[in-house]
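Participant: curious how this folds, go ahead:
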Amino acid sequence: MASNRPAPEASVPVRFGPGSRLAGTDLADGEANRDWEEWNPTAESIRPVRGKHRVAKQRNALARSSTVLGVGVIAAVGAGGIASAQDKPAVSISLPDALSDNLPDAKSLPGVGSFMSDGDKKTDETPSPLTTAGLTAADTQQGTTDSGEALRARILQQAEQQQAEADAAQKASVEKAAAEKAAAEARKQQTDAEKKAAEAKRKAEEEAERKAEQERLEKLAASFSLPTSSYTLTSTFGQAGSMWSSGQHTGLDFAAPTGTPTKAVHSGTVKSAGWSGSYGYRVVLELDDGTEIWYAHLSSMTVGAGQKVTTGETIGRVGATGNVTGPHLHLEVHTAGGSGIDPMSWLSSKGLTP
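Facilitator: Predicted structure coming up:
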């Protein structure tokens, strides 16, 4: 079937390299004497494997035979044969078994064997360095071998952690606001309670003071007495008028019928008793604290100077002696220093109401 004559059985081994020749053939002398150069694949002449792109290593028997056949054809024909074959029609080429048996195994060729593997071996499942980029020791311990899954897991974990922190912060804020509100309410209640207690205390103190004053006045009233009875107040202290030589009234007038008894307002000693010009008959009663009570315009006197009297004891009677317009008791009150004061206020301070 081939137009070439079959080569004789290998009497001369086939050699590759500079100076190699094919003996026992009827090739033209120029073609037979041409030197051949050996082809050694290098890393620069072979594209490196990148990422997950790998050449399938499974080959069938026919592919391996075709590869060996192609290498053998290149070695046998040579550059000159290829050049001359461009002008000739394509023909089939067959190699003797002796020649094919002496050809090197394709797997043993530098840079070629790495592309080929036995058909029964499985594809290498070792992950590419790109797929493991970014993996940490913790990811490896957890069994994660893919950097994308590890990144996704870390992002989800970080999102969950941030959500948990946000929830915790919100809960703490709510609890803080509730605590502040409760504290404010407690302070308000305490303030209201303190105000109520202070108000109650103030009222209680005022009530106690009122009762104490009332008791004091009652005691004073028990120890003090009005100077007369069945009377009418006609002139008050400080009242202005031409009837009085000083231009104003200096005492308190109790108008009553002549002969109405006059009484000691408090226990004391009679300092003087007798006629006193415009006052008519007058009795001066000195109390224990030095206060002097003047009884004027009396119709009669029942006590004398130096005599001690008690509260409510009669010391004289109402009259119209001295500078008067009608019967009445003219009552004056003088302090220990001699100053005249309002008899109405003084009697009121003793629990008496004229």
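
Participant: hey, let's count contacts and neighbours off CA atoms from now on
Facilitator: Noted.

Participant: so which residues of the protein form strands?
Facilitator: Listed in chain order, the strands of the chain (DSSP state E) span 232-233, 252-255, 261-263, 268-275, 281-287, 292-301, 308-309, 314-318, 328-334, 340-341.

Participant: out of those, which comes closest to residue 166?
Facilitator: Of all the strands of the chain, strand 340-341 sits nearest to residue 166, with 83.2 Å by CA to CA.

Participant: so what strands line up beside the closest one?
Facilitator: Strand 340-341 has the following strand partners under DSSP bridges: strand 328-334 (antiparallel).

Participant: quick check: mean pLDDT of the strand it pairs with?
Facilitator: The average pLDDT within strand 328-334 is 93.

Participant: kindly export that strand (C-alpha atoms) in CSV.
Facilitator: Extracted as CSV, the C-alpha positions of strand 328-334 are listed here (Å, rounded to 0.1, in the frame of the first residue of the first chain):
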residue,chain,number,x,y,z
HIS,A,328,-64.9,106.6,133.4
LEU,A,329,-61.7,104.8,134.2
HIS,A,330,-58.7,106.2,132.5
LEU,A,331,-56.1,103.4,132.2
GLU,A,332,-52.4,103.9,131.3
VAL,A,333,-49.6,101.4,130.9
HIS,A,334,-45.9,102.4,131.3
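
Participant: show me what residue 272 bridges to in the sheet.
Facilitator: Beta-bridge pairing of residue 272, defined through DSSP bridges, involves residue 284.

Participant: distance to residue 226 added to the strands of the chain, as JSON lines?
Facilitator: Shown next, in JSON lines, are the strands of the chain (distance: least, CA to CA, whole Å):
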{"stretch": "strand 232-233", "distance to residue 226": "13"}
{"stretch": "strand 252-255", "distance to residue 226": "11"}
{"stretch": "strand 261-263", "distance to residue 226": "7"}
{"stretch": "strand 268-275", "distance to residue 226": "15"}
{"stretch": "strand 281-287", "distance to residue 226": "14"}
{"stretch": "strand 292-301", "distance to residue 226": "12"}
{"stretch": "strand 308-309", "distance to residue 226": "15"}
{"stretch": "strand 314-318", "distance to residue 226": "11"}
{"stretch": "strand 328-334", "distance to residue 226": "11"}
{"stretch": "strand 340-341", "distance to residue 226": "17"}
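
Participant: do you know which of those strands lies nearest residue 204?
Facilitator: strand 340-341 (34.0 Å).

Participant: can you tell me what sits against that closest one?
Facilitator: Contacts of strand 340-341 from elsewhere in the structure, counted by CA atoms under 8 Å, 6 or more residues apart in numbering, are 250, 332-335.

Participant: which positions within stretch 318-336 qualify as buried?
Facilitator: Within stretch 318-336, the residues that count as buried by 16 or more other CA atoms under 10 Å are 318-322, 327-334.

Participant: which residue is the nearest non-sequential neighbour of residue 327?
Facilitator: Nearest residue to residue 327, sequence neighbours excluded (CA to CA, 6 or more residues apart in numbering): residue 320, at 4.2 Å.

Participant: do you know the pLDDT at the one you found?
Facilitator: According to the prediction, residue 320 has pLDDT 94.

Participant: quick check: the gap between it and residue 202.
Facilitator: In this structure, residue 320 lies at 52 Å from residue 202, with CA to CA, to the nearest Å as the measure.

Participant: got it, and residue 272?
Facilitator: The separation that residue 272 has from residue 202, given CA to CA, amounts to 49 Å.

Participant: more crowded one of these two?
Facilitator: More neighbours sit around residue 272 than around the other of residue 272 and residue 202, counting by other CA atoms under 10 Å; the figures are 17 against 12.

Participant: look up how far residue 181 lies from that one.
Facilitator: From residue 272 across to residue 181, the span is 79 Å (CA to CA).

Participant: the residue nearest to residue 327 and residue 259 touch, don't they?
Facilitator: No - taking contacts as CA atoms under 8 Å, residue 320 lies outside contact range of residue 259: 9.9 Å.

Participant: mutual contacts of those two, please.
Facilitator: Once CA under 8 Å, 6+ apart is applied, the residues that residue 320 and residue 259 both contact turn out to be residue 299.

Participant: who's in contact with residue 320?
Facilitator: Residue 320 sits in contact with 258, 280, 297-299, 326-328, where contact means CA under 8 Å, 6+ apart.

Participant: which of those residues sits closest to residue 238?
Facilitator: Closest to residue 238, out of all of the contacts of residue 320 and judged by CA to CA, is residue 328, at 17.7 Å.

Participant: output stretch 192-205 as CSV, nothing but the C-alphas.
Facilitator: Extracted C-alpha coordinates of stretch 192-205, given in CSV (Å, rounded to 0.1, in the frame of the first residue of the first chain):
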residue,chain,number,x,y,z
ASP,A,192,-43.0,64.6,96.9
ALA,A,193,-42.8,62.6,100.1
GLU,A,194,-40.3,65.0,101.6
LYS,A,195,-42.5,68.0,100.6
LYS,A,196,-45.5,66.4,102.2
ALA,A,197,-43.6,65.5,105.3
ALA,A,198,-42.2,69.1,105.5
GLU,A,199,-45.7,70.5,105.0
ALA,A,200,-47.1,68.2,107.6
LYS,A,201,-44.3,69.1,110.0
ARG,A,202,-44.8,72.8,109.3
LYS,A,203,-48.5,72.5,110.0
ALA,A,204,-47.8,70.4,113.1
GLU,A,205,-45.4,73.0,114.3
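
Participant: thanks a lot, see you next time.
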